[in-house]
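J.: This is a predicted model, with the sequence first.
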Amino acid sequence: MKALLLSALTVDEERGAVVLDAVETALREREREHEVDVVDIAAARVAPCTGCGSCGLKTPGRCVVNDDMQGIYRQIVASDVLVLATPVRFGSYCAELKKAIDRFQPLMQPIYAVRSGEMHFRGRYDLPPLLGVGLVPEAAEDGASAADRGAEGDAFRFLIGRLAVNLDTPHAAAVFAGGDVDLARAELEGALDSLQEVRR
Amino acid sequence: MNVLVIDGSRRAKSNTGAIARHLQAQLQGLGASAEIWRVPSWTAAAGELDGLLERLTTCAAVVLVAPVYLDELPAVTQRTLECLHARRDLLGAAAPRFYGIAHSGFPEPLQRKAELRTMELFAGAMGWPWQGGVGFGGTSPIDGRPLEEAGMFSKQLRACLPLVAADVAAGRPLSPQTVARCDKSPFRIPLRAIVWAVNSGTRKTARAGGLDLEARVYAGEVAGR
């Protein structure tokens, strides 16, 4: 089994490293006989998607931008679990991770299908189950209240579910909300359990 | 009243730009002063935001218009919001009313829900009064043309943007009627018929060009393993 962890957690200089360590440790324990690849997406050479459409009808399935995403595409396709870890910004991924997610279009065909009663792109690969890991702002940080944290966490969970529908793959999400990493770690374990059930 | 319309797309000929310009004209027709500001590129210097910060201190309302990339704001637009939030102290007491418009080719409102929620949470984090957001589906065929030239493909937008402009110019939140009207699918035929029609055109183009639409370019060995 291979797990690919695309992490933008280093963007959060205060808590990012601690959370990244917790996520990585949980994955390595779970995948101890296998591989865990970690990509610091904030440090990777990834250009924003220009929406040129080449991956649809000019060079189907191939992104024409020659940067680190070329290798990351291969890693995603070859992995058994894809983990997206990010500081949560207004309920969404931080911009550094979103830059990579915007480039996911070549993983889909320029052909539509009806899925969950909605119009979506048809998958090009059998993509791995998706685990979203979000680090929401602390209460004292930026004036955020506990209610704000809850709203951001809920929005992030919803967003991961939506990405999974787009990618046509199962999903789970875990949110690190406060300073209690142990509590969040338990949530992470639960999310990994649910994905493991899917993989069986 | 000063209204700032933020064009949340970096594409040269974008539907977002077309929607922003149409809204600007509607607002001006109602006597409001409306200016469009486009999000800077990823590599733009931090100084490019200075102009935006200056405008935000004098405008009464902000309308963010943005496309939907995988259910969310494009990365460059998200980055602009993050930069604004990081520098919000420079805005002093300025708290413009904030509105959102999200649009995509997909007809279902659910596909725009996360992005509109992000806009709302951003407004909350900035301490700006959230005035509501609307979504428009089926916008792809507009292909960056002015809405007046896009015929039936822009009918829904042309009918609804005046309603949005009226609420913005009056300084009130978007009415439930406006939101419901905008969210209606512009298509009057079943979803599967739309999918069939679009796919037929795409497959015809691919056949003519000898393209393999199912090519699995990134399958196989990962370099360095």
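T.: Looks like it arrived, so ask away.
J.: what about the helix or strand harbouring residue B:199, distance to the chain center?
T.: Using DSSP states H and E, residue B:199 sits in helix B:191-209. Between the centre of helix B:191-209 and the centre of its chain there are 26 Å (Cα atoms, centre = their mean, to the nearest Å).
J.: buried ones in it?
T.: The neighbour-count criterion (16 or more other Cβ atoms under 10 Å in any protein chain shown) identifies B:191, B:194, B:195, B:198, B:199, B:202, B:206 as the buried residues of helix B:191-209. The C-beta positions use only the backbone N, C-alpha and C, and glycine is treated the same way.
J.: helix, strand or coil for the nearest residue to the last one once chain neighbours are set aside?
T.: Spelled out, that is residue B:206. Nearest non-adjacent residue to residue B:206, counting by Cβ to Cβ, 6 or more residues apart in numbering or on different chains: residue B:213, 5.0 Å away. What DSSP: H, G, I helix; E, B strand; the rest coil gives for residue B:213 is coil.
J.: how about residue B:213, what does it touch?
T.: A:60, A:109, A:110, A:111, B:202, B:203, B:206 (Cβ atoms under 8 Å, 6 or more residues apart in numbering or on different chains).
J.: before we move on, what about residue A:183?
T.: So residue A:183 contacts nothing (Cβ under 8 Å, 6+ apart).
J.: For it, report the pLDDT, please.
T.: You'll see residue A:183 listed with a pLDDT of 75.
J.: Relative to the centre of chain A, find the outermost residue for me.
T.: Taking Cα atoms, centre = their mean as the measure, the residue most remote from the mean C-alpha position of chain A is residue A:58, 27.4 Å away.
J.: what pLDDT, on average, does the host helix or strand of residue B:165 get?
T.: Secondary structure assignment for residue B:165, by DSSP H and E: helix B:155-169. The average pLDDT for helix B:155-169 rounds to 97.
J.: What residues sit buried inside the following helix or strand past it?
T.: Going down the chain from helix B:155-169, the next helix or strand is helix B:176-183, by DSSP H and E. The neighbour-count check on helix B:176-183 (16+ other Cβ under 10 Å) flags B:178, B:179, B:182, B:183 as buried.
J.: can you check stretch B:109-117 too?
T.: Using 16+ other Cβ under 10 Å as the test for burial, stretch B:109-117 gives B:109, B:110, B:111, B:112, B:113, B:114, B:115, B:116, B:117.
J.: farthest-separated two in the contacts of residue B:213?
T.: Across the contacts of residue B:213, no pair lies farther apart than A:60 and B:203, at 11.5 Å, counting by Cβ to Cβ.
J.: residue contacts, residue 181?
T.: Answering for chain A, as no chain was given. By Cβ under 8 Å, 6+ apart, the contact set of residue A:181 is A:18, A:19, A:22.
J.: wrong chain, I was asking about chain B
T.: With contacts taken as Cβ under 8 Å, 6+ apart, residue B:181 has the following neighbours: B:159, B:160, B:163.
J.: Same check on residue B:30?
T.: Shown in contact with residue B:30 (Cβ under 8 Å, 6+ apart): B:165, B:166, B:169.
J.: How about the second one: what's its closest non-neighbour residue?
T.: Leaving aside its sequence neighbours, residue B:166 sits nearest to residue B:30 (Cβ to Cβ, 6+ apart; 6.7 Å).
J.: and if you look at residue B:85?
T.: In space, residue B:85 is closest to residue B:125, 5.7 Å off (Cβ to Cβ, 6+ apart).
J.: Next: residue B:146.
T.: The shortest distance from residue B:146 to any non-neighbouring residue, by Cβ to Cβ, 6+ apart, is to residue B:18 (5.9 Å).
J.: check which helix or strand covers the residue nearest the centre of chain B.
T.: Nearest residue to the geometric centre of chain B (Cα atoms, centre = their mean): residue B:66, 2.0 Å. Assigned by DSSP H and E, residue B:66 belongs to strand B:61-67.
J.: elements contacting the helix or strand that that strand is followed by?
T.: Next along the chain after strand B:61-67, taking DSSP H and E as the criterion, comes helix B:75-86. Using 3 or more Cβ pairs under 8 Å, 6 or more residues apart in numbering or on different chains; DSSP states H and E as the contact test, the elements touching helix B:75-86 are strand A:81-89, helix A:95-101, helix B:48-56, helix B:110-126.
J.: Quick check: buried residues in helix B:75-86?
T.: Neighbour-count burial for helix B:75-86 flags B:75, B:76, B:77, B:78, B:79, B:80, B:81, B:82, B:83, B:84 (criterion: 16+ other Cβ under 10 Å).
J.: Just name the closest of the contacts of residue A:181 to chain B, please.
T.: Using Cβ to the nearest Cβ, residue A:19 comes nearest to chain B of those, at 18.4 Å.
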